[in-house]
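1. Next come a sequence and a model predicted from it.
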Amino acid sequence: MSAFPEVNKIQYEGPDSKNPLAFRWYNEDEVIEGKTMKEHLRFSVVYWHTFRGNGLDPFGSPTMVRPWEDGTDSVENACNRARVAFEFMEKLGAPFYAFHDRDVAPEGESLAQSHANLDAVVAVLKEEQERTGIKLLWGTANLFSNPRFMHGASTSCNADAFAYAAAQVKKAMEVTHELGGESYVFWGGREGYQTLYNTDIKRELDHMGQFMHMAIDHSNKIGFTGQFLIEPKPKEPTKHQYDSDVAACINFLRNYDLTERFRLNIETNHATLAGHTMMHELDYAGAQGMLGSIDANTGDLMLGWDTDQFPTDIYLTAQVMLMLLKYGGLNQGGVNFDAKVRRESFEPIDLFYAHVGGMDAFARGLKIAAAIREEGELCQFVKDRYSSWDSGVGAEIESGNASFESLEAYMLEKGEITENVSGRQEMLENLINRYI
Ligand code: XUL
Ligand code: CO
């Protein structure tokens, strides 16, 4: 029985279409810079918001109408929901999905029962993946909802919480491997602190480093070669999370010798909570060869929390795609919609409107970014801006042949620096507007 009988497979109808259940920009086979849109964007649906989000907020009860739910937390209901999820993704034309262990299967009375519940649902996921060709972008473990993780997981003051988290990640990684997942994600939901008065930062970070090494060891043992991703976020649920932004994560990974296996999964709303733009986070990660995947969403700049809204802002998606194209694309990563429909958008059809809009916004961003790059004016401007480094003293410094002494002699002789040139910010902003 169909859960979405009123929806057929979403089709590309072109920019003139007024059909809200059609793509105006996402034409999956269209080739841009040598790859199809489908290959560039690698869209992924998140299980936790799209199939487990119920509209609950701190002030009110769930609002979502989900006729396929039977109201129980049974494995049977979870298996049925998994089939509904695949009907949704198939009709949407999303090639990937992502989940936490506890989204897809209910937590049991014991760890052994939780493992068994997960295995039962994974069997359905596997069957549905084979039936539809939809793949797993990444799996992860929920190490933040259960009260046992109130002080953190790998950074908990309670060594048993570390052990429990290890057991959970071991299993989640094994099922990710079984489902052919391309990556495995670590989001440090409670890996941080509420107050420094009770916290030993050094010890907690050392433990997190050890945890990641154990994860690498286990992946090698079971032959899981997918990429590992850390997802930066500065706060929420804790006051301070150790993986606060791209720079902090790279510092952690370097300090604990983890850069070979890990890349970053960068999320828009997390970037803005950290006081950065998504473009900044992507550029910073890309510049250091650490770009892995993105969680596509947006926040509301009027609000200071993680609203996880669907991205519709073309400036945002154009900036994201400029960065992804600049650094050679996502490879094993994808554009994963870590976004939820608003509490007031409670009907199942809203899930389609939200995803169609997000996919179109990214497809349009891709076309805009590719057009900017093809014309080349922006790129040329940046190149020219740094031309003092291409010859003379700049080239000498870059090649490592200069010293403070040689530079002092150079400046004593020259007297004053070559005149500065305008940064032309306004002109460049106008240039971007030509493409929007
Ligand atoms: C939370 C968040 C997570 C991760 C996966 O803000 O983004 O859902 O993406 O654990
Ligand atoms: Co996320």
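-> Here it is on my side, so go on. Ligands and ions are numbered 1, 2, ... in the order given.
2. CA atoms for contacts and neighbours, from now on please.
-> OK.
3. pLDDT averaged over the longest helix along the chain, what's the number?
-> Identified as the longest helix of the chain according to DSSP state H is helix 348-375. The predicted model assigns helix 348-375 a mean pLDDT of 98.
4. ok and the helix or strand following it relative to helix 348-375, angle-wise?
-> Under the assignment DSSP states H and E, the closest C-terminal helix or strand after helix 348-375 is helix 377-385. Between the axis of helix 377-385 and that of helix 348-375 there is an angle of 50 degrees, by axes from the mean of the first three to the mean of the last three CA atoms, to 10 degrees.
5. So which elements touch helix 377-385?
-> Helices and strands touching helix 377-385, as assessed by 3 or more CA pairs under 8 Å, 6 or more residues apart in numbering; DSSP states H and E, are absent.
6. In three-state terms, label G188 for me.
-> coil (DSSP: H, G, I helix; E, B strand; the rest coil).
7. Count the neighbours of it for me.
-> G188 has 27 neighbouring residues, counting by other CA atoms under 10 Å.
8. so who does it touch?
-> Residues in contact with G188 (CA atoms under 8 Å, 6 or more residues apart in numbering) are 143, 231-232, 241-243.
9. same thing with H270?
-> 232-234, 245, 306.
10. So of those residues, which two are at opposite extremes in space?
-> D245 and D306 (14.4 Å; CA to CA).
11. These two - which one has more neighbours?
-> D245 (27 against 20).
12. And the contacts of H270, which is closest to S17?
-> For the contacts of H270, the nearest to S17 is D306 (32.4 Å; CA to CA).
13. for the stretch 251-400 of the chain, what spans make up the strands?
-> 262-267, 291-295, 335-337 (DSSP state E, counting those that start in this stretch).
14. So which other helices or strands are in contact with the first one?
-> Helices and strands touching strand 262-267, as assessed by 3+ CA pairs under 8 Å, 6+ apart, comprise strand 227-230, helix 246-255, helix 278-287, strand 291-295.
15. What is the shortest one packed up against?
-> Applying 3+ CA pairs under 8 Å, 6+ apart, we find strand 227-230 packed against strand 183-186, strand 262-267.
16. quick one on the thing from earlier: I'd like the helices and strands packed on strand 262-267 as a markdown table, with mean pLDDT and distance to E127 appended.
-> Output for the helices and strands packed on strand 262-267, formatted as a markdown table (pLDDT from 0 to 100; distance: least, CA to CA, whole Å):
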| stretch | mean pLDDT | distance to E127 |
| --- | --- | --- |
| strand 227-230 | 98 | 24 |
| helix 246-255 | 98 | 36 |
| helix 278-287 | 98 | 35 |
| strand 291-295 | 98 | 26 |
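17. Point out the most buried one among those.
-> strand 291-295 (a mean of 26; mean count of other CA atoms under 10 Å).
18. quick check: angle from it to helix 246-255?
-> Using the same axes, to 10 degrees: strand 291-295 against helix 246-255 is 140 degrees.
19. Show the low-confidence segments of this structure, by residue range.
-> Counting by pLDDT under 70, the chain shows no low-confidence range.
20. Can you tell me which residue is spatially central in it?
-> D295 (2.4 Å; CA atoms, centre = their mean).
21. Okay, strands next: where are they in the stretch 101-250 of the chain?
-> For the stretch 101-250 of the chain, the strands defined by DSSP E, counting those that start in this stretch occupy 135-140, 183-186, 192-193, 227-230, 240-241.
22. what helices or strands is the last one leaning on?
-> Strand 240-241 makes packing contacts with strand 192-193 when contacts are defined by 3+ CA pairs under 8 Å, 6+ apart.
23. ok so, going back, report the buried members of the contacts of G188.
-> Listed as buried from the contacts of G188 are 143, 231-232, 241-243; burial here means 16 or more other CA atoms under 10 Å.
24. Please produce JSON lines containing the strands of the stretch 251-400 of the chain, extended by distance to D217.
-> Formatted as JSON lines, the strands of the stretch 251-400 of the chain follow (distance: least, CA to CA, whole Å):
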{"stretch": "strand 262-267", "distance to D217": "13"}
{"stretch": "strand 291-295", "distance to D217": "20"}
{"stretch": "strand 335-337", "distance to D217": "27"}
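25. Can you tell me which of the ones you listed is nearest to E182?
-> Here strand 291-295 is closest among the strands of the stretch 251-400 of the chain (CA to CA), at 10.7 Å.
26. thought the residue nearest to the centre of the chain was touching L330?
-> No. With contact defined as CA atoms under 8 Å, D295 does not reach L330; the gap is 11.9 Å.
27. hmm, back to that, how about the residue nearest to the centre of the chain, what does it touch?
-> 265-268, 335-338.
28. can you put those in a markdown table and add neighbour count?
-> Formatted as a markdown table, the contacts of D295 follow (neighbours: other CA atoms under 10 Å):
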| residue | neighbour count |
| --- | --- |
| N265 | 26 |
| I266 | 26 |
| E267 | 26 |
| T268 | 28 |
| V335 | 26 |
| N336 | 25 |
| F337 | 29 |
| D338 | 25 |
